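Peer 1: give me a model of this one.
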Amino acid sequence: MELHEEPILYNDPLLRIQVRSFHSTIICQHGWHFHPELEIIAVRSGTMEIHTPAEVYHLRAGDVLILGSCQPHLDLRKQNQVVDYVVIQFELEAFLDSNMLPFLYLFQESLLPLVKLNALFRDYSELRKQFYTTVIELQREHEQEQRGYEMAINYLVKKCLFLLIRHDTEGLLEHNRSMNYAKLKLVFDYVEAHLSDKITVEQACLLVNFSYTYFLKYFKQTLGITFTDYVIHRRIKYAERLLLTEDLSIAQIAEQVGLPNLSHFYKLFKRVHHCSPKSFKDTIIARANETIHGRGG
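Peer 2: A predicted model of the protein is given here:
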């Protein structure tokens, strides 16, 4: 089985999501492939098959499917048959606010292969209908780009996750009640209050009274990301706000978000947004100007 990584391209640096519609008769769209992003498929008409190494999913109009991060898969359809479907690929972390972090670990592959959640669609028709409707609405918002569509997409991605949690009567996405989120909130608050300063694992350990090694393991198991990556994520989110709301140089912003080494700041920013801070700012400002001048109505 030849397997390749499919590149995911984002048109909007603030929305870490790719939304595409297909109206296709191609028998095999991409071959066996994978990508770090989560994927949701919704079939509007026709039939198709999604193969994973462990299972084959037969999809028809109104069906939806979830594929987790780096899940190898192959999409097939019958020869000369037109299939109309929507594919959504996104970075989960980009759509979860700090107050939603307790839910992040529920969708990590280390706890549950997300492909197993498709059993919920099979067993609960109401969930399948609501999820399908939400995905189609998200695709429509992305395509039409009416004023405020970014907020709509953010809301609809979260609604998809909410529907899975709310309808999970099987306990697939069960909270680990032994995890102390009150303690972790002390860490979150510490990080937010010191984004301009040096943030250390040692100080975080003192706040929760954990050993160094246990804290790092606990944080990763609870949230699905390392403490270092979480701090980077919060610093870059802070940099986004400063880029769009303050008249500061890139060097000043890097200093203010606790990343005074300018080349390191550029490297981390590009790792998140795949563009420079200036390109990010210019893109957002241009889009805002288009909105002001009446794009989408």
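Peer 1: number of residues surrounding residue 243?
Peer 2: Other residues near residue 243 number 19, with proximity taken as other Cβ atoms under 10 Å. C-beta: built from backbone N, CA, C; applies to glycine.
Peer 1: show me what contacts it?
Peer 2: 253, 277, 280-281, 284 (Cβ atoms under 8 Å, 6 or more residues apart in numbering).
Peer 1: low-scoring pLDDT stretches of the stretch 51-200 of the chain, where are they?
Peer 2: The model of the stretch 51-200 of the chain has pLDDT under 70 over residues 98, 101-102, 105, 108-111, 175-181.
Peer 1: could I get the helix or strand where residue 243 lies in PDB with only the CA atoms?
Peer 2: For residue 243, the host element (DSSP states H and E) is helix 227-245. The C-alpha trace of helix 227-245 is given here as PDB (Å, rounded to 0.1, in the frame of the first residue of the first chain):
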ATOM      1  CA  PHE A 227       2.900  22.100  28.000                       C
ATOM      2  CA  THR A 228       5.500  23.800  25.700                       C
ATOM      3  CA  ASP A 229       3.200  23.600  22.700                       C
ATOM      4  CA  TYR A 230       0.300  25.000  24.700                       C
ATOM      5  CA  VAL A 231       2.500  28.000  25.800                       C
ATOM      6  CA  ILE A 232       3.500  28.600  22.200                       C
ATOM      7  CA  HIS A 233      -0.100  28.400  21.100                       C
ATOM      8  CA  ARG A 234      -1.100  31.000  23.600                       C
ATOM      9  CA  ARG A 235       1.800  33.300  22.700                       C
ATOM     10  CA  ILE A 236       1.000  33.200  19.000                       C
ATOM     11  CA  LYS A 237      -2.700  33.900  19.800                       C
ATOM     12  CA  TYR A 238      -1.600  36.900  21.800                       C
ATOM     13  CA  ALA A 239       0.600  38.000  18.800                       C
ATOM     14  CA  GLU A 240      -2.400  37.700  16.500                       C
ATOM     15  CA  ARG A 241      -4.300  40.200  18.700                       C
ATOM     16  CA  LEU A 242      -1.400  42.600  18.900                       C
ATOM     17  CA  LEU A 243      -0.900  42.500  15.100                       C
ATOM     18  CA  LEU A 244      -4.500  43.500  14.500                       C
ATOM     19  CA  THR A 245      -5.100  45.900  17.300                       C
END
